[in-house]
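>>> Build me a structure from this.
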Amino acid sequence: MLKTEPGITQPMIAERLGLTVKGVKYHFRKLREDGAIRRVGSSRAGHWEVL
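Just a heads-up that it's a prediction; the model follows:
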């Protein structure tokens, strides 16, 4: 989803996958720690980049 829609929000991902927002945030944190994704730009106007 991040590759096809870089501007997607965590609540949108949670809804599509049937997870809680808290669960999605947990996985995003793990992906950032592993260097798999990063946030480009601001939290409001930025987007996610898959590395």
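
>>> Residue most distant from the centroid, this structure?
Distance from the centre of the chain peaks at G18, with 14.8 Å (C-alpha atoms, centre = their mean).

>>> Name the residues that touch the helix or strand of the chain with the lowest mean pLDDT?
In the chain, no helix or strand scores lower on mean pLDDT, DSSP states H and E than strand 47-50, which sits at a mean of 87. Residues from elsewhere that reach strand 47-50, judged by C-beta atoms under 8 Å, 6 or more residues apart in numbering: 2-3, 6-8, 36-41. (C-beta placed from N, C-alpha, C; glycine too.)

>>> So which of these wins on neighbours?
I37 (18 neighbours; other C-beta atoms under 10 Å).

>>> What's the local residue count around the nearest residue to that one once chain neighbours are set aside?
Of all residues not flanking I37 in the chain, L31 sits nearest, at 4.6 Å (C-beta to C-beta, 6 or more residues apart in numbering). L31: 16 surrounding residues under other C-beta under 10 Å.

>>> Also F28?
Residues lying near F28 (other C-beta under 10 Å) number 17.

>>> Name the SS class of it, please.
Of the three states, F28 takes helix according to DSSP: H, G, I helix; E, B strand; the rest coil.

>>> Within its sheet, name the partner strands of the least confident helix or strand of the chain and how each one runs.
Partners of strand 47-50 in the sheet, by DSSP bridges, are strand 37-40 (antiparallel).

>>> Centre of the chain to the partner strand, how far?
Mean-position distance between strand 37-40 and its chain equals 8 Å (C-alpha atoms, centre = their mean, to the nearest Å).

>>> what's the average pLDDT for it?
When pLDDT is averaged over strand 37-40, the result is 90.

>>> Name the surrounding residues that touch that strand.
Contacts of strand 37-40 (C-beta under 8 Å, 6+ apart): 2, 28, 31-32, 46-51.

>>> could you flag which of these are buried?
Burial by neighbour count, judged by 16 or more other C-beta atoms under 10 Å, picks out 2, 28, 31, 48 from the contacts of strand 37-40.

>>> So what's the gap between stretch 42-51 and the chain middle?
8 Å.
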